[in-house]
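S.K.: Fold the stuff below for me.
(2 chains)
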Amino acid sequence: MFGKLDWSAVPFSQPIPLITSVVILLAMLGVLVLATVKGWWPYLWREWITSVDHKRIGVMYGLLGTLMLIRGFADAIMMRTHQAMAVGGGEGYLPPEHYNQIFTAHGTIMILFGAMPLVLAFMNYLVPLQLGVRDVAFPTFNSVGFWLTASGALLVNVSLFVGEFARTGWLPYPPLSENAYSPGVGVDYYLWAVQISGIGTLITGINIVTTVLKMRCPGMSYLRMPIFCWTALASCLLIVAAFPILTATLAMLTLDRYLDWHYFTNTAGGNPMMFVNLVWAWGHPEVYILVLPAFGIFSEIFPTFSGKPLFGYRSMVAATLFICVVSMLVWLHHFFTMGAGAAVNTFFGISSSIIAVGTGVKIYNWIFTMYGGRVRFEVPMLWSMGFIFTFIIGGLTGVLLAIPPADFLTHNSMFLVAHFHNVIVGAVVFAVFAGLEFWFPKVFGFRLHAGWGKAAFWLAFTGFWVTFTPLYVLGLQGMTRRLQHVNVPDWAPGLYVSVVGVAILALGVAAQIIQLVVSIRHRDTLRDVTGDPWDGRSLEWATASPPPFFNFAVMPDVEGEEAYWDIKRRALESQQLGPEPDYAPIEMPLNSPVGIYTAFFTFVFGFSMVWHIWWVAVAALVAAFAGFVVFAWRDAHEHEVPAEEVARLDRARREARTALLARLPREESAS
Amino acid sequence: MSTLEDQPLRRAGDMDDREDHAPGDAPEESAGHWVTNTHLGLGFSVVLTVAAFVLARGGLVWAPAIPVALIVLAIAQMGVHLVFFLHVTTGPDNTNNVLALAFGVMVVFLIVVGSLWIMGHLNHNMMPMDELMRMQR
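M.R.: Here you go, the predicted structure:
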């Protein structure tokens, strides 16, 4: 009746997962009760859960990513403290089977459920605004994509409470991940969670590519798009190209595990090396899927806070597309040591070094953007400059690892761990925080408190280096990764220093949370009434903060590279806004519950597949498909916003702008 | 990246036939043309499929040439699908589709050829486990 599921799946005998899950369940229950008591459900249902507005979906992606980032950070704290206690004679506090689940969950959650949703949050929110359009190409599809990602994340976290997670590392290499060596449900949780969220990611990728290629506002030619849109396009092209490889590879592993096939087994003609090859053919583009939008975020921040246009716009576009293509050509550098031999290793070593050229072009462009500009050291700029420093070090160790003979010494060592944290934290996480500070006033209508933001930056920056510098050294001394017990007492000091770094990072996280609380409490003094708090240059700053649900009352007309900067210069020179436009009714897509409906049943499907409850799985799949059929046969899909409503909302924005215009010259002469 | 690159739509709603259209804005295709087109495609793909089965049974062509013939038929089948079902044409309103196709072909080429090359070397240097075991017996 219930497949493999029974009460032994709940970890009653293990205090750590049990207490954690009880606390999480209580917190979730508390939120649900609070929402019910306060009567928030109709609002949440109408404005968020069924919303197809790209801005709302972007914010929900951000919330999901932030929650998962905290979960992943909790795993990181456990790993670092455990290793520091399990060195030499110490035993630590995590048994091997639990420790293995933690490092697997840390990698899976941080990359696929933390960083990916955060990056998608920025793409969803910003791309339509920067292109001057009212929504993405397929708004309801977008909602489906988000909810599928969320149900994948839920599945990973359910494994904490019911059953176990994979113990294989974040990419489940066979033969370890085959039935013979991982008989439990851990790998199955991994497979279904990643498959479901992978489909969600693919949907968003298709959506953003279509939006950028086909939905730009009048005058927004390709070479006038903000760099963030270019990087979003390149990143989503990689999603469309690479995620199917992951889906197919994991599907083959699923067939091995469920139907006893032999794609990757040791016996009967299977070849585990093929899994490693295929999974990295996805895995390396994935790195650039994450990092390209991060580069885009920095490319928006540097010009704004330097008061200058971006240096070398066209070379930036070229470098982005160069990275997009070459990132499909470097995957073997993740397994130089598997034994492909000199010819193959040399090719991929060279291509891995070459891809650094594209990144180098970008670094110089950012530096030259600052050069000669009037740089304002606001919080987003601090993160961006911290990124340049951190990322250059990470990039240099990457070039070192790209040399096959050197890689043979450092492969799977803590040096490698330090390297990829150096690039992913240094670029993606720093970009997320920089972007959060930068666009927060646009999204919510008030700035974040600058003092706490600076504290958060300096704590995170210091904490990062104190954590990972010792790991570089330990790696060069020969310490391998994923050690449940460290039997070389000499490595203890490095591990202790690393724990201190984690503590500083935790203070940074606390500062970030305090910043949010303080800013919400003082939101009236931090209010952004103009819609352009940073003296911005691209179109998202032309609307109000927060933007009306239709983004733009009339489509902007773009005449140059920096669309909004031109409009602003013109208004400042003539001391007046352009003439009031003719407002026309706007058609906007209707809300739809199909996203959460489908995702709910997909979650039920994934869960019952993990536990081999076949009848529920079939029923859930049919139910999820029925949602699509009902949606496909809908009668109405758009509603009309009357011209008066558009005019009313836009006149308020114009009034604020006119007031700003009257104030600006005085401020400029005063400074 | 059509020829209109530097002067795209001048005003919202001002659609140019030669430019790519946003989803939902594509001009209506006449139903008759659509039906003819789809039926033609169906006919071609059925013929190609049947031909593949007939050839595979042997006797009709020189036996060692059968794999090559099947590959040719498979590629022709892809062409039929692209033209008749996915409506990829060479017209200027199809630039994005053609570019997307080219990108897709390039990625598939890199992954397939790269994997064959890598796996060939790996299998040579790191013999698969079962062969190794057989040799040890």
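
S.K.: Spit out the contact partners of A:Trp541.
M.R.: A:442, A:531-532, A:534, A:564 (C-beta atoms under 8 Å, 6 or more residues apart in numbering or on different chains). The way it works is simple: take the backbone N, C-alpha and C, and place the C-beta from them, glycine included.

S.K.: correction: A:Val488
M.R.: Applying C-beta under 8 Å, 6+ apart to A:Val488 gives the contacts A:87-88, A:479.

S.K.: Drop anything exposed from those.
M.R.: A:87, A:479 (16 or more other C-beta atoms under 10 Å in any protein chain shown).

S.K.: if we can go back for a sec, just the contacts of A:Trp541: which are in helices?
M.R.: A:442, A:564 (DSSP state H).

S.K.: Out of the contacts of A:Trp541, the closest to chain B would be?
M.R.: The closest of these to chain B turns out to be A:Tyr564 (C-beta to the nearest C-beta; 17.4 Å).

S.K.: one step back: if you rank the contacts of A:Trp541 by neighbours, which is first?
M.R.: Counting neighbours by other C-beta atoms under 10 Å in any protein chain shown, A:Lys442 comes out on top of the contacts of A:Trp541 with 24 neighbours.

S.K.: Leaving aside the residues adjacent along the chain, what's closest to that residue?
M.R.: With sequence-adjacent residues excluded and distances taken as C-beta to C-beta, 6 or more residues apart in numbering or on different chains, A:Lys442 is closest to A:Ser545, at 5.1 Å.

S.K.: min pLDDT across the contacts of A:Val488, which one?
M.R.: The weakest per-residue confidence within the contacts of A:Val488 falls on A:Gly88 (82).

S.K.: Next, the contact list for it, please.
M.R.: A:486-489, A:492.

S.K.: Buried ones among the residues you listed?
M.R.: Buried subset of the contacts of A:Gly88 (neighbour count, 16+ other C-beta under 10 Å): A:Val486.

S.K.: what number of residues lie near the closest residue to A:Gly536 other than its chain neighbours?
M.R.: Sequence neighbours aside, A:Thr304 is the residue nearest to A:Gly536 in space, at 5.5 Å (criterion: C-beta to C-beta, 6+ apart). Applying other C-beta under 10 Å, we find 22 residues neighbouring A:Thr304.

S.K.: cool, the one 5 residues further on as well?
M.R.: The tally of other residues near A:Pro309 (other C-beta under 10 Å) stands at 15.

S.K.: What of the one 4 residues further on?
M.R.: A:Tyr313 is flanked by 20 other residues according to other C-beta under 10 Å.

S.K.: same thing with A:Phe550?
M.R.: Quick note: A:Phe550 (other C-beta under 10 Å) scores 18 neighbours.

S.K.: A:Ile586 is in contact with that one, correct?
M.R.: Yes - between A:Phe550 and A:Ile586 a contact is recorded at 5.0 Å, counting by C-beta atoms under 8 Å.

S.K.: residues bridging contact with these two, i.e. touching both?
M.R.: Joint contacts of A:Phe550 and A:Ile586 (C-beta under 8 Å, 6+ apart) are A:134, A:641, A:646.

S.K.: secondary structure class for the closest residue to chain B within the stretch 451-600 of chain A?
M.R.: Relative to chain B, the nearest point of the stretch 451-600 of chain A is A:Met555 (4.0 Å; C-beta to the nearest C-beta). Per DSSP: H, G, I helix; E, B strand; the rest coil, the secondary structure class of A:Met555 is coil.

S.K.: can you give me the strands for chain B?
M.R.: For chain B, no strands are identified by DSSP state E.

S.K.: Quick one: low-confidence residue ranges for it.
M.R.: Residues of chain B meeting the criterion pLDDT under 70: B:1-29, B:127-132, B:136-137.

S.K.: Show me the residue sitting in the middle of it in space.
M.R.: With distances taken as C-alpha atoms, centre = their mean, the residue of chain B nearest its centroid is B:Met78 (4.6 Å).

S.K.: longest single helix anywhere in chain B?
M.R.: Assigned via DSSP H, chain B shows its longest helix as helix B:95-125.

S.K.: just checking, what packs against it?
M.R.: helix A:227-259, helix A:272-306, helix A:342-370 (3 or more C-beta pairs under 8 Å, 6 or more residues apart in numbering or on different chains; DSSP states H and E).
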